[in-house]
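J.: how would this look folded up:
(one chain, ligands or ions: 1)
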Amino acid sequence: MTKSRILIIEDEREISRFMELELKCEGYEVTVEHDGMRGLIAAREQPFDLIVLDRMLPGMEGLEICRRLRKSSDVPIIILTAKGEVLERVEGLESGANDYLTKPFHLEELIARIRLHLRLYNANQRNELQFEDLVLNIRTRTVQRGEQPIDLSPREFELLQLFLQHPRQVLTRSEILEKVWGWDYDGQDNVLDVYIHTLRDKLERREAPRLLHTVRGVGYVMKEPA
Ligand code: CA
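T.: The predicted structure is shown next:
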């Protein structure tokens, strides 16, 4: 497996050096820039898998770099802010950052977030939706649970895709019918129950734990096994 490439843009040399060494230890390929403008150029010229971006930088400030990068790239960006700097959540999200951390932070926390965002990004690049051990690929229209491929009809596939796009959210019967069968569906009322039943059957082979749960009187939810 190739190493993930991380760009650190941070003007405080002590912090950037520390992150560089630790992330290299974790097996990442690391590039460091200490100036905002140079950082932006580096981010545009080389393919990185993730960027750790300090907010206050000489040359160009972090949120501006983030906004500019977002015009052409969806690389995960984690913003670092100094203690005392007020970074409104909205401001961070508007700039297009995926996450942010306030200094001083624990390195384990940074590494955990880097892992999370790399995983999400990679799954996204592969056009995959994932929940627990269930993986659905939108492009190849394949589904597997663990190593086991699952054969679904087109409608079952759409139904599962809907749940995977809204993990842990309760979807009402009418929402599901509208999205998967179309708003003008006027067929039998129990069609959804029948589909859920077959879908569960297929997903729970080999005694795999239940992910698709009934919310009595409301609808269904995809969540961790009870
Ligand atoms: Ca700084």
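
J.: so which residues make contact with stretch 125-142?
T.: With Cβ atoms under 8 Å, 6 or more residues apart in numbering as the test, stretch 125-142 has contacts from 123, 143-146, 149, 157, 160-161, 163-165, 167, 203, 208, 211, 222, 224-225. To be clear about C-beta, it is placed using only N, CA and C from the backbone, and glycine gets the same treatment.

J.: can you select the buried ones from those residues in PyMOL?
T.: The following PyMOL line selects those of those that are buried, judged by 16 or more other Cβ atoms under 10 Å:
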select buried, resi 143+145+157+160+161+163+164+203+208+211+222
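
J.: can you list which of the contacts of stretch 125-142 are found in strands?
T.: 143-145, 149, 222 (DSSP state E).

J.: reformat those as CSV; add distance to residue 49 and pLDDT.
T.: Formatted as CSV, those follow (distance: Cβ to Cβ, whole Å; pLDDT from 0 to 100):
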residue, distance to residue 49, pLDDT
143, 26, 97
144, 24, 95
145, 27, 95
149, 28, 95
222, 28, 96
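
J.: helices of the protein, start to end?
T.: Taking DSSP state H as the test, the helices found in the chain are 13-25, 36-45, 62-70, 89-94, 107-125, 154-165, 173-176, 191-203.

J.: tell me the buried residues in the last one?
T.: Looking back up the chat, that one is helix 191-203. For helix 191-203, the neighbour count (16+ other Cβ under 10 Å) marks 192, 195-196, 199-200, 203 as buried.
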